[in-house]
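*Asks:* Fold the following.
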Amino acid sequence: MNFFFEVLIGGLLSGVMYALVAIGFVLIYKASGVFNFAQGAMVFFAALTCVGMVDKFGLSVWLAIPITIVVMIVLGLAIERVVLRPLVNQPEITLFMATIGLAFFIEGLAQLIWGSQVHKLELPIEDVPLQFLLDKFNIIVSQFDVAAAGICALLVTALALLFARTKVGRALRAVADDHQAALAVGIPLQRIWAVLWSVAGMVALVAGLLWGARNGVQFALTFVALKALPVLILGGFTSMPGAIVGGLIIGASEKLAEVYIGPMVGGGIEGWFPYVLALAFLLVRPEGLFGEKIIRRI
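*Replies:* The predicted structure follows:
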């Protein structure tokens, strides 16, 4: 039983980190209707920029992080101004294709500036078992995973307060509900999109740092965004709470499936089981647990 809880807790903590990546998608999709295929590239760019300044210029991590925050804000503003603003009122598929091209551009730019080799990122958080749980319950839970989950929780809380308690947040919700109505009452749509892309850039930085510290800063970080797809399908593309719940479900289910079902089928199911689960969920509830149900009239 202890082993079951060990696997379950490890999966839930991983799920929180999946949810963090998914939130970046939700922020953009909810306000603009654009599925930002470049979110994974932004995660990679942010992590590589931070670790590149540490390795090449000898900066401390604590100095490199705020500089990278500024870089990601500038990147978000540039994306809105150069790529999205000229495509306002274009079909959604056009915007989606633009983000695909943007993803390849960001990936290439990151490697052009900082190189393509794998970088080791060391954060001041040790990846060791929590001694209290080990001594008390004989359960191994990584201190790094717990700290990462706490950081994600703080970020989600900050985003929730931004949306609920600030003037900018109210404008963001208005834009998400109805673009045309928001424009009619004087809300600057382009400025709001610029804020959203900047926030998505900062979320990408946090996700990049956490995943980079765990797996190394490398091109494979771009594929972390693909793991967010089942999270979005389960939780809903427009719901931040849905991203969190979906992340927890995916994280726990993939670990449990690998341990308990994997041996029956030869192992290696952790990589594809979340997509099977998401496909099955699509057949039952296509809009996700917290998504907005769309009723089409014929």
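
*Asks:* For this structure, which segments count as helices?
*Replies:* All helices of the chain, identified by DSSP state H, fall at 2-32, 39-57, 61-78, 92-114, 131-137, 143-165, 167-177, 179-184, 189-215, 224-235, 240-256, 262-265, 273-284.

*Asks:* so how far is the lowest-mean-pLDDT helix or strand in the chain off the chain centroid?
*Replies:* Using mean pLDDT, DSSP states H and E, helix 179-184 stands out as the lowest-scoring helix or strand of the chain, at a mean of 73. Centroid separation for helix 179-184 versus its chain: 28 Å, with C-alpha atoms, centre = their mean, to the nearest Å.

*Asks:* packing partners for that helix?
*Replies:* Packed against helix 179-184 by the contact rule (3 or more C-beta pairs under 8 Å, 6 or more residues apart in numbering; DSSP states H and E) you find helix 167-177, helix 189-215. Any C-beta I mention is one placed from the backbone N, CA and C, and that applies to glycine too.

*Asks:* Quick one: closest of the helices of the chain to Leu123.
*Replies:* Leu123 lies closest to helix 189-215 among the helices of the chain, at 4.6 Å (C-beta to C-beta).

*Asks:* quick one: low-confidence ranges for the stretch 51-200 of the chain?
*Replies:* Scanning the stretch 51-200 of the chain for pLDDT under 70 picks out 176-179.

*Asks:* Repeat the analysis, applying 80 as the threshold.
*Replies:* 85, 88-90, 92, 127, 132-135, 137, 163-165, 168-170, 172-190, 193 (pLDDT under 80).

*Asks:* Glu258 is in contact with Ile269, correct?
*Replies:* Yes: Ile269 lies in contact with Glu258 (C-beta atoms under 8 Å); the separation is 5.9 Å.

*Asks:* Mind listing the shared neighbours of the two?
*Replies:* Counting by C-beta atoms under 8 Å, 6 or more residues apart in numbering, Ile269 and Glu258 have no contacts in common.

*Asks:* Many thanks, I have nothing further to ask.
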